[in-house]
Every structure is written in structure tokens, then in C-alpha cells.
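Student: A structural model of the following input is requested.
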Amino acid sequence: MTKIDPQNLPHHIAIIMDGNGRWAERHALGRISGHRKGADAVRETVKTCRELGVKYLTLYAFSSENWQRPREEVSALMSLLGVYLERELSTMMEKDIRLITIGEIERLNPTLQEKLMEAKRLTAANRSMTLIIALSYGSRDEIIKAVRRIVGEVKEGKLKEQDITREVFSSYLDTAAIPDPDLLIRTSGEYRLSNFLLWQLAYTEFYFMDVLWPDFSRDDLEGAIADYQKRQRRFGLAGSQLGKD
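Tutor: Numbering: from 1, shown residues only. Just a heads-up that it's a prediction; the model follows:
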């Protein structure tokens, strides 16, 4: 077990869960089997973050580009999400985990939307950890929507151009009430952001690993956190300004 400092945990961890399809291919299984196994990794990751004391966990579950995948795969992914919500709701309540979503949820089928709304309603008062699921999410679309809202409010006189700051702009994003991630983890050996939280990741520490998502374990998560704890986060300052050089 990796030793980590409980006093220096990332407040917010974001994960690009990649590799379900390749995992299935390596095991001579259909892609859906990879997604099912990936759901087990989600469950273990949420459990571990809650036990460690991580306050925010964002999981990139389904991108806006994923709608282009075969219809059967998209349908199966939505079904798996519905099953996950049904199975894990009691755990979220027991462990005091709040569920919220980001992305174009209105594009999901009505039944799944209802399950999500119910789960979010029931967990709204939970405070020990917040689980954010990115569904039908694309960061460029999120930014464009924010710009359109700001332009509209400027035209209506509700907002002045000179009052538009980084903080104000952030308040128009899907993640308005969520702190920016401290640590981003991407599995499967890929080194790209895939249109995920482009604004919010400006000063996030990145951790890329070759492990395919279905094989992602508690040890892998703790290893990423331990690596994060070795880094010096400067936010544009010199090390001497932080007293660490």
C-alpha cells in the first residue's frame, strides 16, 4: 500500500476513465463487457476517495462526442449508468455523498434523466463528498454556452463588460459551484484532455498512466495521489516566493 499524507490530499480529483474497449479486446470480450468492468472500477474509486477524505471527485463518463459511437454501445452505456444509480444510491446516502452532474443532461433519455434527478434530489443535503459525473459533456460547448449567456446579459444590461473577470466567467460554467481540480488522472496511456474541463484545468497537476480503466485499483489511485504530493504547485509564482526554493 502506498503511503500518502492525509494532510495534503488533493481537494478535487478529476478522472478521464479511458480504456474500457481495449480492456475488452485484450480479454476477447465485447466492448460492453469492458464498460461493465469499468463500472466496478468506478465503485472502488468512489469508495476509496470517500475513505481517504477527498472532497470532490469528477468522473468523465460520457462525452458529447461519444454520441457518435454505435447505437448499441451508447444504449448499453446508458443502461449501465441507470443500473449504477439504482445500486449505489443507498451507498451514497450512507456515506454522505452528494451527486451532481455536468453536461447536456437533456440529451439523455427521459427515464435516465428522471433517475439522475431523483438521485441528485435525494443526495442534495450530503456534504462529506461530492461526486460529479460528466455526461454528454464537452468543454468547448460549455465555454460557448457561457459566452452566449454573458453576451445576452450584457445586451440586457444585467452585466457590464468591464465587470467580466475570470471569476465571473467561471460562474457561468457548468462547474460554477465546484472548485477547480487539483489533480487530473487519465488512464490507458493516452496523453490528451479530450475536450474535458479545458478552462478548469489551467493549474491542475496531470497524472497519466498506462493502466486501462477496468484495472484501475485503490493502489493506482493512491500512487497518483502520492505523486501529486511530491510536486510543488506554484500557480505562476517562483519557488522562492513560496519559500520552497
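Student: switch to C-alpha atoms for all contacts and neighbour counts from now on
Tutor: Noted.
Student: extract the residue ranges of the chain that are flagged as low pLDDT.
Tutor: Applying pLDDT under 70 to the chain flags residues 1, 235-245.
Student: the most centrally placed residue in it pairs with what?
Tutor: The chain has Thr58 as the residue nearest its centroid, 2.3 Å off, counting by C-alpha atoms, centre = their mean. Per DSSP bridges, the residues bridged to Thr58 are Ala14, Ile132.
Student: right, and it touches Met17 too?
Tutor: No: between Thr58 and Met17 there is no contact under C-alpha atoms under 8 Å: 10.3 Å.
Student: helices of this structure, start to end?
Tutor: Taking DSSP state H as the criterion, the chain carries its helices at 20-26, 31-52, 71-94, 110-123, 139-155, 166-170, 218-229.
Student: would you list these in JSON lines and tack on distance to Thr101?
Tutor: Below are the helices of the chain laid out as JSON lines (distance: least, C-alpha to C-alpha, whole Å):
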{"stretch": "helix 20-26", "distance to Thr101": "21"}
{"stretch": "helix 31-52", "distance to Thr101": "15"}
{"stretch": "helix 71-94", "distance to Thr101": "12"}
{"stretch": "helix 110-123", "distance to Thr101": "8"}
{"stretch": "helix 139-155", "distance to Thr101": "13"}
{"stretch": "helix 166-170", "distance to Thr101": "16"}
{"stretch": "helix 218-229", "distance to Thr101": "22"}
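Student: select, out of those helices, the one closest to Asn195.
Tutor: Asn195 sits nearest to helix 139-155 of all the helices of the chain, at 5.2 Å, using C-alpha to C-alpha.
Student: tell me what that closest one is packed against?
Tutor: Here helix 139-155 touches no other helix or strand, going by 3 or more C-alpha pairs under 8 Å, 6 or more residues apart in numbering; DSSP states H and E.
Student: residue numbering should commence at 4 henceforth.
Tutor: OK, 4 is where the count begins now, so the last one is helix 142-158.
Student: what does that helix contact?
Tutor: 106, 162-164, 172, 175-177, 198-202 (C-alpha atoms under 8 Å, 6 or more residues apart in numbering).
Student: make a PyMOL selection of the buried ones in the residues you listed.
Tutor: Those of the contacts of helix 142-158 that count as buried under 16 or more other C-alpha atoms under 10 Å are selected in PyMOL with:
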select buried, resi 106+172+175+176+177+199+200+202
